[in-house]
Each structure stands twice: as structure tokens, then as C-alpha cells.
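Asker: for reference, the sequence and a predicted model appear below.
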Amino acid sequence: MNNKSGFILRHPPQVRANHWFVAIVFILATLSGLAFFHPAFFFLSNLFGGGPWTKILHPFVGVVMLVAFSMLASREWKYNRVTDADRQWQKKAMDIMLNHPVKMPDIGRYNIGQKYLFRTLLGMIGILFLTGIVIWQPYFAPMFSINLVRLAVVAHGIAGFITIVAIIVHIYAAYWTRGAIRGMTRGTVTAAWAKHHYPGWYKEMSKGSK
Amino acid sequence: MVQQSLNIERRSATTTPSPGVRHSVEVAKLIDISKCIGCKACQAACMEWNDIRDEIGTCKGVYDNPADLSAGSWTVMRFSEVETDNGKLEWLIRKDGCMHCADPGCLKACPAPGAIVQHENGIVDFQQENCTGCGYCITGCPFNIPRLSPKDHKVYKCTLCSDRIATGLEPACAKTCPTGAIMFGSKKEMITQAEGRIADLKERGYQNAGLYDPKGVGGTHVMYVLQHADKPELYSGLAKDPQLSPLVIFWKGIAKPLMSYGLGVAVLTGIMHYVTVGPNEAEEDETEK
Ligand code: HEM
Ligand code: HEM
Ligand code: SF4
Ligand code: SF4
């Protein structure tokens, strides 16, 4: 272990800061975007100073989110390759989700669910950006044909929905996996946590410290 | 502001009933293109009554002036020179502006509660004080009418003079037209009026004369008498069969409600999973094994 009390460093401070900045800005983008999505959510525009302010802020918040997320994604990119151990894990995914006792395959730093989620976010946030530009009044939307704007606004809504569901899953999984949030806030996880959830990564880390 | 003396049929992004105890008849404006001489008195009257003054533009070498609708020009005359089948040259002049659709795409698309209202008499009116400036209405409209003002980022278009009609006056354009090409009354009356005129035109050799009241948008409260109703495209590209875009129908009719429920279900699934399965905990003594 590289830490005296049996803690392993999982996320260095730059990554933690980056992650939580993304999380805050993403939530602001979600709340402001949803205000436009359905009248049931329009009350959210009050959080941003009313309809016109929400309309003005949302795209800028989205762009800030995109920049910060790109930085986070470039840091995490290398950990998100799918391996054979991941595929074995996937076969047991149902049992793992139901807390049945299983022999955990030797997976690395992240499990395949996290990896798929990472890819989904990457793709969807890209689509959100491109379609968001096309529907951005009054700066860019007038440059595009009306049918492209219609298509983009539908695609933006769908991509927004997929991204929000993905983040709901992400937040719940982080909460459900006791000890994970500590990894992203304090930076460290317990050895037992690492061994239980990511045996391959645990072996790698304990090798490194010897 | 909404005209309080007019009943409201529906409001954008509103799921509860609209004020509706009064009763009003369905109105319509009838524009008889065969009588229009292109004098633009109606354009001037519209500016005058509504106190709008557009930027002075430049001459494009044609009579169309201003060249397009804008936040400061709610109606423009569109001139087209057309050679009809019998080799005759015809000058077709169409007064363009909001059609006041019975099934308005702008209102369906708008996300801001009460930024667009449809009065029971058929007038579709934008309430700029509730407008966010998102431009969704532009994507909803099949006639390319709403215009976002670069100055205040609100959307404007013809109001059908709802403020005049609320007090029993006719629209400013109808009042001012020197040839009587613009008429105003109940929709029923206007249809009867049009039928008489169409019979007249047919007698004078316009076999395809007809009324433009397109069913694809549920009919309109601005209707045209066309000499060539079989070819509305001749009139500066008037849509032959205007419809709400299938993308807009999918967006507002299916995606919006379905995905809103979807989000609720996602959150609820998480909670239910937690209370039934419980957290995923690592045993602290596992490393010793
Ligand atoms: C990446 C940069 C982004 C840009 C440039 C952008 C731009 C826009 C624009 C211009 C609108 C129309 C309303 C308005 O003008 O404020 C909009 C709506 C919306 N945005 Fe974004 N956005 C971005 C990111 C996001 C993100 C990250 C989310 C949430 C996951 C999101 C969710 C939404 C939703 C749900 C709507 C309403 C769509 C509808 O009415 O169907 N956007 N966005
Ligand atoms: C309040 C909300 C959030 C919580 C509680 C949270 C929690 C966490 C935790 C605990 C981890 C570490 C997982 C591990 O060590 O295995 C993590 C990783 C990560 N989070 Fe979040 N997060 C939140 C919001 C977000 C948002 C909004 C985004 C992006 C849009 C995001 C993107 C990521 C990424 C990319 C990783 C790295 C995982 C990977 O690459 O597979 N998170 N998050
Ligand atoms: S620009 Fe204004 S009127 Fe048009 S859809 Fe958006 S909020 Fe409604
Ligand atoms: S013509 Fe366009 S702006 Fe006018 S009521 Fe129909 S959809 Fe709305």
C-alpha cells in the first residue's frame, strides 16, 4: 500500500477538482436545459432568474461544461479500454447488481459499466455541443436551414435525455458502491474496497508499492 | 398583454385550462389577391397602428420592399410575375404575414408558458413579455413567419390587430385597403364572401380560382382568394399543402412527454434498487483473506 493506513490513492487532486467542476456545471446545464424541455420543468427557470436569463445562460454553461469535460475525458481516456476481464465481469453483471456473492474477475481500474458510461457521455456530449450550436439563437441558428434546426433541436433533446439518464445511473452507482465517493472527494479508497471491486487494479497497485 | 376581453382557446406550455367563460365567434381576414393592386397601403397602416418602424433598407431592384418580414415589418407584399398557361403575363401580389392557423405550430413548439396564446376567435398572438427568445416558434411555423428581434431578442409577427378587434374594430390593413381586397368578419361570412367572388372569377375565365384555407394546419384565420388555387406556389412560394413538420410533431408529441416520464422512472428505479437490494459494501477484513 502506498499509504500508511491502508489507503490507496485513486484520484489525484487535479482529477478531483476537474471532476467536481464538471459535475457542478453539468447540473447547471441540465437544470437550465430541462426548463425548456417540458412545462413541468419550466419552474427551474426561476433558479436562473427567469425564462430569458435561462435561455441566455444555458448555451454558455453548456460550452463551459464541454471544455471542462474534455479535460476530464482526456485524463480518463486511457483507463477506459475494454479488456477480456471486463467481458467476464459483464457476464456476472446481473449478480453483482443484485449483491449476490460472486468471484470477481481481475478487472482493472474501472468496470465495464463505467467504461460504457464513459463512452456514452463522450458521444452524447459531442452531439449536444454540435446540435446546441445549430439551435443557438440569435447567434448561429439563422445560419442553418430551418429543417436542420428542427432536426438539431430534436436530437439535442434526445441526447440531453440520454446524458441525464446516464448521469443519474452514474450518481446512483457512485452512491450505491460504498466508498467510491470517498475516492473522488478525499482521493483515496481502502485496500479492501479496491480488492473487492477492482482486483486487477488492486494487484497492480500493491505490486507498485513493494 | 393578452386582450382580457377576448376568450383564450389555448396558451403555450400550459397544461391547465385557459380562461374561457366568455363566448366569441371565429373571425377571419379574407385577402382577395385578384383585387390587390400592390399599393402597400396596408403595410403603411400596419406600421402606423402598431407603431413599428423598420430599418430603412436598400432597393433590391424589385417592388418587394422591405424585402422580407422582420420584427419591424409584420406584413409585406410579395410580387411575382407569372406567365400562365395561355401565354398571358400575370402579376400576382400576395400580402404575406401570419396566417393565424387553427393548429398553430408556433404555439405547439413554444416552451414558455403563455408566450403564445390562441384566442377563441382564432387569433394567434405572441406575448412578448413572456418570451424567452429561444426561437422554437420559428421551427414550429410552417409558413416562415415569426421573426426574432435583434434588439430585444423577442419574437414578433402580425397580431391580426387583436387590440382593435377586442374593441370591435376591424384590422388596420382591412380598414385602409382602397380596393377592398382585404375583408374582415366572422370566418363563416368570409367563406360565403369568398364563394361569391370565386364564382365570379370562374365566369371570367379563371377556371381554377379558389379559396386558400389549408386543412393541414386545421384551416387558417387569414384566407386568400387565389386566381390559381391549384398552384399556390405561383404566389411567391405559398405552400401547397402546409403541415407541421414531422420532426416538430415527434419532438413535442412523443419525445417530450415520453422522456419526461423516463427521467422520473430512472430516479425511481435507483431508489427502489437501493431499498430492495441495499448498498454494495466491501468487507473491511477482505484484504486479510
Ligand atoms: C455543449 C454545449 C451546449 C449548447 C451550445 C447548448 C445549447 C442549447 C440551446 C441553444 C438550447 C435552446 C434553449 C436555449 O437557447 O437556451 C438548448 C436546449 C436544451 N439543452 Fe442544451 N446546450 C448544450 C449542452 C447541454 C447539456 C450538457 C444538456 C444536458 C444534459 C443540455 C440539455 C438541454 C435540453 C434538455 C434542452 C431543451 C431541449 C428541448 O426543448 O427539447 N444541453 N441547448
Ligand atoms: C453529483 C454527481 C456526481 C457524483 C456523486 C459522481 C461521483 C463519481 C465517483 C465516485 C467517481 C469515481 C468512480 C471510481 O472511482 O470508480 C466518478 C468518476 C467519474 N465521473 Fe462522476 N460523479 C458525479 C457527476 C459527474 C458528471 C456530471 C460527470 C460528467 C458529465 C461525471 C463524469 C465522471 C467521469 C468521466 C468519471 C471517471 C470514470 C470513468 O472514466 O469511467 N461525473 N464520479
Ligand atoms: S422565442 Fe419566445 S415565443 Fe418563440 S418559442 Fe421561444 S419563448 Fe415562445
Ligand atoms: S402562420 Fe406561423 S406564426 Fe402564424 S399562427 Fe401559423 S404557425 Fe403561428
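Answerer: Received the coordinates, thanks. Ligands and ions are numbered 1, 2, ... in the order given.
Asker: any idea which element B:E9 lies in?
Answerer: Per DSSP states H and E, B:E9 falls inside strand B:8-11.
Asker: in its sheet, what does that strand sit against?
Answerer: If you go by DSSP bridges, strand B:8-11 pairs up with strand B:116-119 (antiparallel).
Asker: re the thing from before, how about the CA coordinates for the helix or strand that comes right after the strand holding B:E9, as CSV?
Answerer: Under the assignment DSSP H and E, the closest C-terminal helix or strand after strand B:8-11 is strand B:27-32. Provided in CSV are the C-alpha atoms of strand B:27-32 (Å, rounded to 0.1, in the frame of the first residue of the first chain):
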residue,chain,number,x,y,z
VAL,B,27,-63.1,35.6,-37.1
ALA,B,28,-61.1,35.7,-40.4
LYS,B,29,-59.4,38.0,-42.7
LEU,B,30,-60.0,37.4,-46.3
ILE,B,31,-57.4,38.7,-48.8
ASP,B,32,-58.6,38.7,-52.4
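Asker: right, is the longest helix anywhere in chain B up against ligand 1?
Answerer: Looking across chain B with DSSP state H, the single longest helix is helix B:256-277. No - on the criterion C-beta under 6 Å from any ligand atom, helix B:256-277 is out of touch with ligand 1, staying 6.7 Å away. All C-beta atoms are positioned from the backbone trio N, CA, C, and that covers glycine.
Asker: which residues does residue 167 contact?
Answerer: With no chain named, the answer covers chain A. By C-beta atoms under 8 Å, 6 or more residues apart in numbering or on different chains, the contact set of A:I167 is A:F26, A:T30, A:L121.
Asker: to clarify, I was referring to chain B.
Answerer: Counting by C-beta under 8 Å, 6+ apart, B:T167 makes contact with B:S5.
Asker: got a pLDDT number for it?
Answerer: Note on B:T167: pLDDT of 91.
Asker: domain boundaries for chain B, per the record?
Answerer: Taking automatic domain parsing as the reference, chain B has its domains at B:8-244, B:247-278.
Asker: could those go into CSV alongside distance to ligand 4?
Answerer: Shown next, in CSV, are the domains of chain B (distance: least, C-beta to the nearest ligand atom, whole Å):
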stretch, distance to ligand 4
domain B:8-244, 3
domain B:247-278, 10
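Asker: buried set for the longest helix of chain B?
Answerer: B:K256, B:M259, B:S260, B:L263, B:A266, B:G270 (16 or more other C-beta atoms under 10 Å in any protein chain shown).
Asker: just send those back as a markdown table, with distance to B:L69 and pLDDT too.
Answerer: Formatted as a markdown table, the buried residues of helix B:256-277 follow (distance: C-beta to C-beta, whole Å; pLDDT from 0 to 100):
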| residue | distance to B:L69 | pLDDT |
| --- | --- | --- |
| B:K256 | 28 | 95 |
| B:M259 | 33 | 96 |
| B:S260 | 34 | 95 |
| B:L263 | 38 | 97 |
| B:A266 | 43 | 97 |
| B:G270 | 49 | 97 |
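Asker: what is the nearest of the residues you listed to B:D103?
Answerer: Nearest to B:D103 out of the buried residues of helix B:256-277 is B:K256 (C-beta to C-beta; 17.0 Å).
Asker: ok, now how distant is that closest one from ligand 3?
Answerer: Going from B:K256 to ligand 3 by C-beta to the nearest ligand atom, to the nearest Å gives 14 Å.
Asker: ignoring the adjacent residues along the chain, who's closest to that residue?
Answerer: The shortest distance from B:K256 to any non-neighbouring residue, by C-beta to C-beta, 6 or more residues apart in numbering or on different chains, is to A:H38 (5.4 Å).
Asker: so where's the chain uncertain?
Answerer: The chain I'm using is chain A. Residue ranges of chain A with pLDDT under 70: A:1-5, A:208-210.
Asker: actually, chain B is the one I wanted.
Answerer: Along chain B, segments meeting pLDDT under 70 span B:1-4, B:284-289.
Asker: hmm, 50 instead?
Answerer: Where chain B drops to pLDDT under 50, the residues are B:288-289.
Asker: rewinding a little: could you dump the buried residues of helix B:256-277 into JSON lines and include distance to B:F79?
Answerer: As requested, the buried residues of helix B:256-277 are arranged in JSON lines below (distance: C-beta to C-beta, whole Å):
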{"residue": "B:K256", "distance to B:F79": "40"}
{"residue": "B:M259", "distance to B:F79": "45"}
{"residue": "B:S260", "distance to B:F79": "47"}
{"residue": "B:L263", "distance to B:F79": "51"}
{"residue": "B:A266", "distance to B:F79": "55"}
{"residue": "B:G270", "distance to B:F79": "62"}
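Asker: strands along the chain, start to end?
Answerer: Assuming you mean chain A. In chain A, the segments counted as strands under DSSP state E are A:7-9, A:188-190.
Asker: sorry, I should have been clearer: chain B.
Answerer: B:8-11, B:27-32, B:76-83, B:89-96, B:116-119, B:124-126, B:147-148, B:155-156, B:182-186, B:210-212, B:222-226.
Asker: columns mean neighbour count and distance to B:A45 on top of those strands, output as CSV?
Answerer: Output for the strands of chain B, formatted as CSV (neighbours: other C-beta atoms under 10 Å in any protein chain shown; distance: least, C-beta to C-beta, whole Å):
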stretch, mean neighbour count, distance to B:A45
strand B:8-11, 20, 27
strand B:27-32, 25, 13
strand B:76-83, 16, 12
strand B:89-96, 19, 11
strand B:116-119, 26, 21
strand B:124-126, 25, 18
strand B:147-148, 21, 19
strand B:155-156, 24, 17
strand B:182-186, 20, 10
strand B:210-212, 20, 22
strand B:222-226, 26, 15
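Asker: got JSON lines for these, with distance to ligand 2 too?
Answerer: JSON lines is the format used below for the strands of chain B (distance: least, C-beta to the nearest ligand atom, whole Å):
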{"stretch": "strand B:8-11", "distance to ligand 2": "34"}
{"stretch": "strand B:27-32", "distance to ligand 2": "51"}
{"stretch": "strand B:76-83", "distance to ligand 2": "46"}
{"stretch": "strand B:89-96", "distance to ligand 2": "45"}
{"stretch": "strand B:116-119", "distance to ligand 2": "34"}
{"stretch": "strand B:124-126", "distance to ligand 2": "36"}
{"stretch": "strand B:147-148", "distance to ligand 2": "31"}
{"stretch": "strand B:155-156", "distance to ligand 2": "32"}
{"stretch": "strand B:182-186", "distance to ligand 2": "55"}
{"stretch": "strand B:210-212", "distance to ligand 2": "50"}
{"stretch": "strand B:222-226", "distance to ligand 2": "47"}
